[in-house]
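Participant: Below is the sequence, then the predicted model.
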Amino acid sequence: MKTIFTLCIFILLSISIKCYAQDECLECHTKITPGIVNDWKLSMHFKNDVGCPECHGTAHSNGKDYEKALTPTPATCNTCHEKQVTEYSKGKHSVAWTSMNAMPTIHFQPMALIDGMKGCGGCHKIGAKDDAAIAKLKKEGSVIGHASCDACHTRHTFSRKEALQPQACETCHTGFDHPQWEMYSGSKHGVKALLKQTSSLNESISAPTCQTCHMPYGNHEVRTAWGFLALRLPMPDDKQWANDRTVILQALGVLSPDGKPTARLDAVKAVDLARLTQDSWQFERDKMIITCSECHAKNFAQSELAKGDSLIKNADHLMAEAVRTVAALYKDHIISKPANYLFAFPDLLTFQDAPTVIEQKLFVMFLEHRMRTFQGAFHNNPDYTFWYGWSELVRDLTEIKELAKQMRLNANK
C-alpha cells in the first residue's frame with residue numbers, strides 16, 4: 001500500500017513539475033516568439049499534451065540560459081514515433097549529412113554554406129548526426145542543423161498534412177543537380193496534383209505526389225532503384241555500357257585508373273549513393289512497379305521505367321567519352337595532378353573546385369546534364385529530359401573535345 005501511495009505521489013509530482021515548466025515556457029514565449037506558441041497550439045502535439053519539456057527539456061528556464069534548451073534529434077522523435085524513425089534511419093535521407101561531408105572539397109567551402117545552413121548544409125541537415133557533429137554545430141552556433149524530422153514536418157506544428165504535400169519536397173529537390181520539383185510540377189503527375197490542391201479537379205482524382213511514389217503508404221525509408229547518381233553494381237552484360245560505367249566510377253574515385261577498388265568505395269557504401277547488388281536494385285524497382293500499377297497497366301509501367309534505364313546507358317556513353325578525353329590530357333602531362341587528387345585522373349567530386357576549365361565543364365556535364373537526362377525521364381518530363389539533359393550532354397562533349405584540342409595545340413607551341 002505504501003509503495004502504491006509513493007508511486008502516486010511521484011506521478012502527481014512529475015505532472016506538477018511538467019505543468020509548471022510548461023506554464024513558464026508559455027508565459028515567456030507568448031511574448032517573445034508568439035508565432036512558435038501559435039503553431040504549437042495548432043499541432044497534434046498540443047492536442048495530445050506534448051509540450052515544450054518533452055522536446056526541449058527543462059534545463060532552460062530564463063532568457064539568459066537559452067543555450068540549455070535541447071534541440072530535438074531523431075532520437076527525441078523516436079520516443080513517440082519509433083516506426084517512422086526506424087524507417088527513416090534505413091533510407092537515404094538519414095545519410096544526407098554524412099554524404100555531404102564525404103565530398104572531397106566540402107571543407108574548402110565557406111562555413112556559412114555548410115555548417116551555417118546557407119548552402120549544402122541547408123538541405124543536407126536532414127541527415128542524422130553523431131554527437132561530435134552536433135557538438136561542432138553548437139560551437140558554430142548552428143542549432144537549426146541538429147534536427148532531421150523537422151525538415152519535412154516543420155516546427156512547431158510538425159504537421160503530417162504539410163509533409164504529405166509535394167511542396168514539402170520543393171525546398172531541397174530543386175535546382176542544379178536534382179531539379180525534381182521542376183520536373184515533377186511540370187509533368188502530368190504534378191499538374192494533376194497541383195490542380196487537385198486548388199480544387200480545380202475533384203479531390204478523389206488520382207494525382208500522384210512525390211510521397212505517393214517515394215514514400216508509399218507513409219514509409220519513411222526513402223530510396224530509389226538507381227540511387228542518386230544512377231550508378232550500380234553488378235556491371236551490365238552489355239560490354240560497352242560496362243566499360244563506360246567503369247570509366248565514370250574511375251572519375252568518381254571509386255575505382256582507381258587501373259580498375260581497382262579504392263577507399264572511396266567504402267564511403268559510397270556508407271552513404272548509400274548507389275545500389276551495389278542486383279537484389280537491392282530489383283527490390284526498389286519492384287516497389288516502384290507496384291506503385292505505378294495502381295494507376296497504370298503493369299507492362300506500361302515496366303516499359304516506361306525501361307526507357308529511363310536506356311537513357312542512362314546512352315548518357316553514360318557520352319559521359320565516358322568526355323572523361324576519357326580529359327583523362328588523356330593527364331596521361332600526356334598536359335594537365336598536372338593537383339596535390340589533393342588521389343590519381344592523375346579527372347575527379348568529378350571536386351565540383352567547382354576542379355583546377356581547370358575543361359574539368360569544371362566535365363563536372364557540370366556529369367552533375368547537371370547527365371542527372372537531368374535520367375531524372376527527367378523517370379519524372380515523366382520530356383522537356384527536361386531532352387533540352388535540359390540530353391541536348392546539353394551532346395553540346396558538353398563537343399565543347400570538351402574542342403577545349404582538349406586547343407590545350408594540346410597550346411602545349412605544343
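Facilitator: Yep, that arrived.
Participant: When you work out contacts or count neighbours from here on, use the C-alpha atoms and nothing else.
Facilitator: OK.
Participant: Double-check that Pro355 belongs to a strand.
Facilitator: No - Pro355: not assigned to a strand; according to DSSP: H, G, I helix; E, B strand; the rest coil it is coil.
Participant: what about it, how many neighbours?
Facilitator: Neighbour count of Pro355, defined by other C-alpha atoms under 10 Å: 16.
Participant: can you give me the strands for the stretch 301-413 of the chain?
Facilitator: Taking DSSP state E, counting those that start in this stretch as the test, none of the stretch 301-413 of the chain falls into strands.
Participant: just for it, where's the confidence low?
Facilitator: Counting by pLDDT under 70, the stretch 301-413 of the chain contains no low-confidence range.
Participant: Break down it into its helices, ranges please.
Facilitator: 357-364, 371-378, 382-385, 391-411 (DSSP state H, counting those that start in this stretch).
Participant: what sits up against the last one?
Facilitator: Applying C-alpha atoms under 8 Å, 6 or more residues apart in numbering, the set of residues contacting helix 391-411 from outside is 315, 318-319, 321-322, 325-326, 329, 334, 358, 361-362, 365, 369-370.
Participant: Ok, stretch 202-217 next?
Facilitator: Under the criterion C-alpha under 8 Å, 6+ apart, residues 164-166, 169, 189-190, 192-193, 196-197, 218, 221-224, 288, 291-292, 295 lie in contact with stretch 202-217.
Participant: On the C-terminal side of the helix or strand of the chain with the lowest mean pLDDT, identify the next helix or strand.
Facilitator: The element with the least model confidence among the helices and strands of the chain, by mean pLDDT, DSSP states H and E, is helix 2-32, at a mean of 63. Toward the C-terminus, helix 2-32 is succeeded by helix 34-41 as the next helix or strand (DSSP states H and E).
Participant: what packs against that following helix?
Facilitator: Counting contacts by 3 or more C-alpha pairs under 8 Å, 6 or more residues apart in numbering; DSSP states H and E, the secondary-structure elements packed against helix 34-41 are helix 2-32.
Participant: From Met407, how far out is Thr350?
Facilitator: From Thr350 across to Met407, the span is 21 Å (C-alpha to C-alpha, to the nearest Å).
Participant: ok so, going back, deepest in the core, which of the helices of the stretch 301-413 of the chain is it.
Facilitator: Mean neighbour counts were compared across the helices of the stretch 301-413 of the chain using mean count of other C-alpha atoms under 10 Å; the top stretch is helix 371-378, at a mean of 26.
Participant: Could you list the alpha-carbon positions for it in PDB?
Facilitator: Extracted as PDB, the C-alpha positions of helix 371-378 are listed here (Å, rounded to 0.1, in the frame of the first residue of the first chain):
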ATOM      1  CA  MET A 371      21.400  13.900 -63.900                       C
ATOM      2  CA  ARG A 372      18.700  15.800 -65.800                       C
ATOM      3  CA  THR A 373      18.600  13.300 -68.600                       C
ATOM      4  CA  PHE A 374      17.800  10.300 -66.400                       C
ATOM      5  CA  GLN A 375      15.800  12.200 -63.700                       C
ATOM      6  CA  GLY A 376      13.700  13.900 -66.300                       C
ATOM      7  CA  ALA A 377      12.900  10.500 -67.800                       C
ATOM      8  CA  PHE A 378      11.800   8.900 -64.600                       C
END
